[in-house]
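Asks: just coords:
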């Protein structure tokens, strides 16, 4: 998908080591409509900017789609860590990880 680049984006090269982790979270039901890279960058944008879901910029997948992935990725897995926390740690995304942990502690 062609879209503007945002400061919160991760490069495709940085995304490859975590792609498998994110792909494994989804049940295989039908082909993806949206590039997983763009979904992940949209989640990073949400965490980095503190924007609301509905104010997701054009060019990203629909906000409801991004929110659904975010919900799946933030369900507790092994112990008390979510998949998204593990991915953000592995990617070295400390700002977004701190924001995610603040969001998760509110609920």
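Replies: Cool, got the structure. Fair warning: this is a prediction, and the values are worked out from it, not measured in the lab.
Asks: dump the residue contacts of residue 10.
Replies: Shown in contact with residue 10 (Cβ atoms under 8 Å, 6 or more residues apart in numbering): 40-41, 44, 91, 93. The C-beta positions use only the backbone N, C-alpha and C, and glycine is treated the same way.
Asks: Of those, which is the most crowded?
Replies: Within the contacts of residue 10, neighbour counts (other Cβ atoms under 10 Å) peak at residue 41, which reaches 26 neighbours.
Asks: Name the helix or strand for it, please.
Replies: Residue 41 belongs to helix 36-49 when assigned by DSSP states H and E.
Asks: List of residues touching that helix?
Replies: Here helix 36-49 has contacts from 1, 3, 6-10, 12, 15, 18-19, 22-23, 51, 53, 56-57, 60-61, 65-66, 69-70, 73, 84, 87, 93, 95-96, 99-100, 103, using Cβ under 8 Å, 6+ apart.
Asks: which other helices and strands contact the lowest-mean-pLDDT helix or strand in the chain?
Replies: Lowest by mean pLDDT, DSSP states H and E among the helices and strands of the chain is helix 94-106, with a mean of 88. In terms of contacts (3 or more Cβ pairs under 8 Å, 6 or more residues apart in numbering; DSSP states H and E), helix 94-106 is packed against helix 36-49, helix 83-91.
Asks: Can you give me the buried ones in that helix?
Replies: Neighbour-count burial for helix 94-106, counted by 16 or more other Cβ atoms under 10 Å, picks out 96-97, 99-100.
Asks: Stretch 42-62 now?
Replies: Buried, per 16+ other Cβ under 10 Å, within stretch 42-62: 42-48, 56, 60-61.
Asks: again with stretch 75-95
Replies: For stretch 75-95, by 16+ other Cβ under 10 Å, it's 82-88, 91, 93.
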